Structure formats: structure tokens, C-alpha cells
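Trainee: The following comprises the amino acid sequence and a computationally predicted model.
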Amino acid sequence: MEVKDEVLKNHPGWSLALEIITVLRSHGFEAVLAGGCVRDALLARAPKDLDIATSAEPSKVEEFFPKTVTVGKAFGVVRVLGDNSEIEVASFRFDGKYCDGRRPQTIQFSTAVEDALRRDFTINAMFYDPVSKKIFDYVKGQEDIDLRLIRCVGRPTLRFQEDHLRLLRAVRFAAELGFEIEMDTWEALKELAALVQSVSRERIRDEMFKILKAENYGIGFSKLHESGLFMALDPELDKIYKKTPSLFRNPFAKASEVSRDGSIHQDNQIWARFFAAFGERCLNRDFLEGQMKLYKLSREAQRFIQKCLYYLNSLETIAAWNLGKKLVTFAEAEFQWAVTLATIDPAKASHGTWLSELKLAYQRRGLDQVFPPRLLRGEDLPSSIPLTERKNVLDLAFQQQIENSWTHREEALAWLVKRGGG
């Protein structure tokens, strides 16, 4: 197999990684790219991170590079900081006993071979020398990439017992890469699925989110169910899957492309896309809140999801609003994402025409470029308007302002007089 150097060179940390490797070697140490970035380069995929493995111990890495952060020095990991990037540098190591299902009690610095043999899956246990273009593969990882298999390094039961998160990672890699899980690895995963309950909810959330983002989203949930992981993690959703598996291959899968637009709400969009598949179930507050708390979603994420799903399931009501109110609402990120999901869902096809017209009206007014401030303020309202009605009056004035493209306060004040409130 051949590493696609272009995908490595396109990574923002490439120059720093090459500098680190060069410096370490100039002092007589081995230094290579390691793990997921090698796998991705073999698959011509853009790697998320560039990680380096070396025979140098952490103290030496700190000595050679003045700008470092010791994120995991006890496990031989030092983060080297560059001007615009950072690279994790891990010393070759052999792990001692695991007792908490997460990390080894002790480590010993060792060789590249021993370092490869302690890793989780063969496809993640390869090294690459970007100077000589040589791959170091001690576990037949290249063969498993050719076979499109997720296979544990060594005994699968031991690998999963060491770090229980690996159970979920196996499924996640299958979903991301479209690979199958090798038979012995799969049997061990099913046998030990209950161990995933010891993993922190934050780590589970992060792996589930990666499955939600995966190209083979439906495969991930199929394997979660078939392995018993879903029952161990989320019995309520597992029951739903058993009854209606099609919900986990939902029509919103296409929204994954739209959700890569760099929006600051991107993560929330992906979670909302997931929950949208459950339709009116999400109007059940206990169900939705229970799910969001189970996956430790932030309050900001919960607010986004709840509001988005409210809009998505209230399109019949929203269709009857005045144009100004619709335009004001269209400015909200939650409503815009609900519109995206609605245009993808065949069940919402009847709303396609008015939603398209609304989007066009929004753009024609330039609201997608600059959304204006309110022209009418609280002090403009006469005392004859009761306190309980003042917010409604201001909201209605703003809706009229947006609908009619007012730019001067006088227009808003004239509307107030005509309404009988001036």
C-alpha cells in the first residue's frame, strides 16, 4: 500500500511535525508519524491530527522544544506547540496492568514494536517515516485495510478489558470507514458489551457524536444494537431501534453534508438531526430531556435542539403566521436548521413551497447579510399600553419593520400612531 503524502502535507500541523521528527532524529532518536494519521493517509483521507511516536523520553522532548504542554507526561505524552498548530509526541511504551477499564497503572518506555502491540486496532497501530516514505507495520494493519476490517491487536478480550471505550471505538471506526468488524473482535465485543457502562458519559457522548457524523451512520447504529452496546448504554433507544430500525437510517442523514458548513452551531445541528428522526416523540419533554441529559449535552445544546425540534414539528402553525413574524423567526439559527431538515424530510414535503418563498423573501430584504436592530423602543410606547402588552406591541412593530423594510424610526412611530398607540 502507499501513503498519500498529499493529505498529510495539507494538514496545518505538517511543517511542525516534520520539524519535530527532524530535531529528534538529529539527536539520535527514532521519530515517526503514528496511529490514525497513518491509517487515514493510506486511505487518502484527511487526518484530524498528526501524532508522532518516538524513542525519546518526555524529558528529552521538553529539552529539545521550549514550548510544550505536559498533557500526559505520566503516559509518555508531551504536546509540542508551534505558531499555528500543536503536535502530540508520545514515547514508545509498553503498558502495565489496567485496573480501571481506562488507563494502565504503570508504563515502561520501550520499542516501536512493543508500542504497536499495545494499541487497540491493527489499522491504528502502524508508523510512517515521512522522510524515507517507509511504513512500519508490525501487526498486519495494511492487510486489514485491504480487507476493510476492524481487528483488535492481539487478543480482543484483553484489548477490550483494558480500555472499555474500545468497545465503542470499534463500532465508530466501522461507521466512519465503512469497514466490517473482524469475527473474533466482534464476538469479544458482544461478550463484553456490558463493560461499556463503566465508561464516563462524557466519553460515551463524544464517541456517539462521531458515529452521528459518520458517513455510514446507519451501520453504526445497527452494530450498536446487534452487539448489545445500545442496550447497555441507552435501553430506551435500543427498544425503539428494535421496533423501528428505519428511524436510525433516517431521511435526515443527508443533512450531514449541510451540517459541515462551518456553522458555530454545527455540533448542535448534528444532535438535532439525530433527534428529529424520532418525530413527535421529541414533543414528549421527558423523552427528549432524558436523552439529552443521558448524553451530557450542554445547556446551550439542549436549548438549540429543543427550539429546533419545536419549529420542525410546528410548521403547520408557523405557516399561518404573518410574514413579518416568519422573517424575524427565520433569523434564528434553530429555525434555519429546522427548515433544512424539513426540506429533506419527505413527510414535510407539503411545506416546501412556502418555506422556499420565505427564504427568498428573507434574502431579497438582505436579512442574510445584515439583520437590523429594532427601530421602536420601550420608551416610545405610551403609558396607556398595559405592561402585560408592551412586549407584544414591540414584537409586532419589529415584525412590521422587517416585513416592510423600514429603515427610519419615523416609519415605526407612524405605525404606532396608526395602530392607536401613539
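Mentor: Now that the structure is in, tell me what you want to look at.
Trainee: Now do the helices in the stretch 301-422 of the chain.
Mentor: Remark: helices assigned in the stretch 301-422 of the chain by DSSP state H, counting those that start in this stretch are 315-319, 323-330, 333-344, 352-364, 387-404, 409-419.
Trainee: Out of the ones you listed, indicate the one that is most buried.
Mentor: Mean neighbours per residue, mean count of other CB atoms under 10 Å, is largest over the helices of the stretch 301-422 of the chain for helix 333-344, with a mean of 21. To be clear about C-beta, it is placed using only N, CA and C from the backbone, and glycine gets the same treatment.
Trainee: what about that helix, distance to the chain center?
Mentor: Helix 333-344 has its C-alpha centroid displaced from the chain centroid by 18 Å (CA atoms, centre = their mean, to the nearest Å).
Trainee: again, but for stretch 406-422
Mentor: Chain-centre distance of stretch 406-422: 46 Å, with CA atoms, centre = their mean.
Trainee: related to what we said a few turns ago, which of the helices of the stretch 301-422 of the chain sits closest to residue 225?
Mentor: helix 333-344 (23.7 Å; CB to CB).
Trainee: now the closest one against helix 323-330, angle please.
Mentor: Counting by axes from the mean of the first three to the mean of the last three CA atoms, to 10 degrees, helix 333-344 lies at 100 degrees to helix 323-330.
Trainee: For the stretch 101-250 of the chain, just list every one of the helices.
Mentor: Ranges of helices in the stretch 101-250 of the chain, per DSSP H, counting those that start in this stretch, are 112-117, 141-147, 156-162, 165-177, 183-191, 201-213, 217-227, 229-233, 235-243.
Trainee: Ends of stretch 362-369, what's the gap?
Mentor: Taking CA to CA, to the nearest Å, the first and last residues of stretch 362-369 lie 10 Å apart.
Trainee: So what touches that stretch?
Mentor: For stretch 362-369, contacts defined as CB atoms under 8 Å, 6 or more residues apart in numbering pick out 327, 330, 331, 402, 405.
Trainee: quick check: mean pLDDT across it?
Mentor: For stretch 362-369, mean pLDDT rounds to 91.
Trainee: quick one on the thing from earlier: among the helices of the stretch 101-250 of the chain, which is the most enclosed?
Mentor: Comparing the helices of the stretch 101-250 of the chain by mean neighbour count (mean count of other CB under 10 Å), helix 165-177 ranks first with a mean of 23.
Trainee: tilt between that one and helix 217-227?
Mentor: With the same axes, to 10 degrees applied, the angle from helix 165-177 to helix 217-227 works out at 150 degrees.
Trainee: What is helix 165-177 packed up against?
Mentor: strand 149-150, helix 156-162, strand 180-181, helix 183-191, helix 201-213, helix 217-227, helix 229-233 (3 or more CB pairs under 8 Å, 6 or more residues apart in numbering; DSSP states H and E).
Trainee: What lies in contact with it?
Mentor: So helix 165-177 is contacted by 43, 102, 120-121, 123, 148, 150, 152, 159-160, 179-181, 185, 189, 192-193, 195-196, 199, 203-204, 207-208, 210-211, 214-217, 219-220, 223-224, 227, 229 (CB under 8 Å, 6+ apart).
Trainee: hang on, isn't residue 215 packed against residue 179?
Mentor: No: using CB atoms under 8 Å, residue 215 is not in contact with residue 179, being 11.5 Å away.
Trainee: Who has more neighbours out of those two?
Mentor: Using other CB atoms under 10 Å as the criterion, residue 215 and residue 179 rank with residue 179 on top: 22 against 12.
Trainee: where does that one land on pLDDT?
Mentor: For residue 179, pLDDT reads 96.
Trainee: Nearest residue to it in space, ignoring adjacent ones along the chain?
Mentor: Excluding its sequence neighbours, the residue lying closest to residue 179 (CB to CB, 6 or more residues apart in numbering) is residue 148, at 4.6 Å.
Trainee: closest to residue 306 out of the helices and strands packed on helix 165-177?
Mentor: Among the helices and strands packed on helix 165-177, the nearest to residue 306 by CB to CB is helix 201-213 (17.3 Å).
Trainee: Residue ranges in the stretch 251-400 of the chain under the pLDDT threshold?
Mentor: Applying pLDDT under 70 to the stretch 251-400 of the chain picks out residues 251-264.
Trainee: Could you chop the protein up by domain?
Mentor: 1-141, 148-249, 253-364, 378-419 (automatic domain parsing).
Trainee: Adding distance to residue 371, write these out as JSON lines.
Mentor: As requested, the domains of the chain are exported to JSON lines (distance: least, CB to CB, whole Å):
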{"stretch": "domain 1-141", "distance to residue 371": "32"}
{"stretch": "domain 148-249", "distance to residue 371": "29"}
{"stretch": "domain 253-364", "distance to residue 371": "5"}
{"stretch": "domain 378-419", "distance to residue 371": "9"}
